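In: Predicted structure and sequence below. I'll ask about it afterward.
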Amino acid sequence: MIYRLKAAEGENYYLRLGRTSRQLGEWLLRFGDLDEKQRFEIEEYIRNLDAGRI
């Protein structure tokens, strides 16, 4: 899955999220330009990390 991140002055950065850390997921939730589905998927990913399923 690929997420677009907004940067200063209208620049965009793209990030592919696979098996990444919880910290990156939290960073995406805070700064990423996410739609509702993407936000849900990242929150679900973090819940699974916390539960030890990943």
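Out: All right, it came through fine.
In: Compute the number of surrounding residues for Ile42.
Out: 22 (other CB atoms under 10 Å). Heads up, the C-betas are built off the backbone N, CA and C, glycines and all.
In: For it, give me its contacts.
Out: Residues near Ile42 by CB atoms under 8 Å, 6 or more residues apart in numbering: Leu17, Gly25, Leu28, Leu29, Gly32, Leu34.
In: If you rank those by neighbours, which is first?
Out: Leu28 leads the contacts of Ile42 on contacts (other CB under 10 Å) with 22 neighbours.
In: What is the three-state secondary structure of that one?
Out: Secondary structure assignment for Leu28 (DSSP: H, G, I helix; E, B strand; the rest coil): helix.
In: follow-up on the earlier one: which among the contacts of Ile42 gets closest to Glu43?
Out: Ranked by distance to Glu43 (CB to CB), the contacts of Ile42 are led by Leu29 at 7.1 Å.
In: which one is the closest one nearest to, not counting chain neighbours?
Out: Spatial nearest neighbour of Leu29, excluding adjacent residues (CB to CB, 6 or more residues apart in numbering): Ile42 at 5.7 Å.
In: List the buried residues of the strand or helix carrying that neighbour.
Out: Using DSSP states H and E, the element containing Ile42 is helix 36-50. Under the neighbour-count criterion of 16 or more other CB atoms under 10 Å, helix 36-50 has Gln38, Glu41, Ile42, Tyr45, Ile46 buried.
In: State the distance from the third one to Asp50.
Out: Distance of Ile42 to Asp50, computed by CB to CB, to the nearest Å: 13 Å.
In: cool, and the first one?
Out: Distance, Gln38 to Asp50, by CB to CB: 19 Å.
In: Could you do Gln23 as well?
Out: 13 Å.
In: cool, and Gly32?
Out: Going from Gly32 to Asp50 by CB to CB gives 19 Å.
In: again, but for Asp35
Out: On the measure of CB to CB, Asp35 and Asp50 end up 23 Å apart.
In: ok, now Arg39?
Out: Distance of Arg39 to Asp50, given as CB to CB: 17 Å.
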